[in-house]
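In: got a sequence here, can you model it:
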Amino acid sequence: MNDKKILGFFENGQREKAFKELYTLYPRIEKLILSKGGQKQDALDVFQEALIVLYKNLLKSDFKLSSSFYTYLHSVSRFIWSDIQKKNKKTNYETLHHEESFQEYLDERKYQFAEKSFSELGERCKQLLLLFYHQKMSFKNIAKAMQFSSDKVAKNQKYKCLAKAKANFNAIQS
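Out: So this is what the prediction gives:
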């Protein structure tokens, strides 16, 4: 490809011929974008954007192309791709931050629901669950402390209290 020939096409108003010649550079630009983590569609978008930049600059009276078309398009494409990646990282970070904030909100709401469902339990259930989960007492010791006839009764009672707490939780969420 001859750079002077392409410049001549632009100067003579033969843009289609000039762009047809420039598109022969596309495979090399595609290879660049693919090597930087892009996809084929990204490469095409970047190349077309680089062509627009080139064309707008060629229309300026003070613009002087001081390199080959390939070098110019390669450089512009590299900068365009870099900008796209920076924007994507920022967008991904903002999205992630928003999703994390939303997840924290949901977690806090669940905690509030759980707290409310626990507060609606009877005193004996609250005491049993606190002894088991908070003080990590065995069912044998819970049975003694709460005057159940056996550790199996304490275990069964814990199951019933959890079922009640879960029912309260589901009712509050609805």
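In: so, low pLDDT: which residues of the chain?
Out: For the chain, the stretches flagged by pLDDT under 70 are 1, 90-100, 102, 105, 174.
In: what about the helices in the chain?
Out: Counting by DSSP state H, the chain has these helices, from start to end: 3-11, 15-22, 26-35, 40-59, 69-119, 123-129, 139-146, 151-173.
In: got these as JSON lines, with mean neighbour count columns?
Out: Yep, even glycine has a C-beta here, placed from its N, CA and C like the rest. Shown next, in JSON lines, are the helices of the chain (neighbours: other CB atoms under 10 Å):
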{"stretch": "helix 3-11", "mean neighbour count": "14"}
{"stretch": "helix 15-22", "mean neighbour count": "16"}
{"stretch": "helix 26-35", "mean neighbour count": "16"}
{"stretch": "helix 40-59", "mean neighbour count": "16"}
{"stretch": "helix 69-119", "mean neighbour count": "13"}
{"stretch": "helix 123-129", "mean neighbour count": "15"}
{"stretch": "helix 139-146", "mean neighbour count": "16"}
{"stretch": "helix 151-173", "mean neighbour count": "15"}
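In: next, the distance between the ends of stretch 4-20.
Out: 14 Å (CA to CA, to the nearest Å).
In: who's in contact with it?
Out: Outside of stretch 4-20, the residues that reach it under the criterion CB atoms under 8 Å, 6 or more residues apart in numbering are Glu21, Leu22, Leu51, Tyr55, Leu58, Leu65, Phe69.
In: quick check, nearest of the residues you listed to Glu104?
Out: The shortest approach to Glu104 among those belongs to Leu51, at 45.3 Å (CB to CB).
In: how far away is the residue lying closest to that closest one once chain neighbours are set aside from Ala43?
Out: Taking CB to CB, 6 or more residues apart in numbering as the measure, Leu51 lies nearest to Leu22, with 6.3 Å between them; neighbours along the chain are not counted. Between Leu22 and Ala43 the distance is 15 Å, computed by CB to CB, to the nearest Å.
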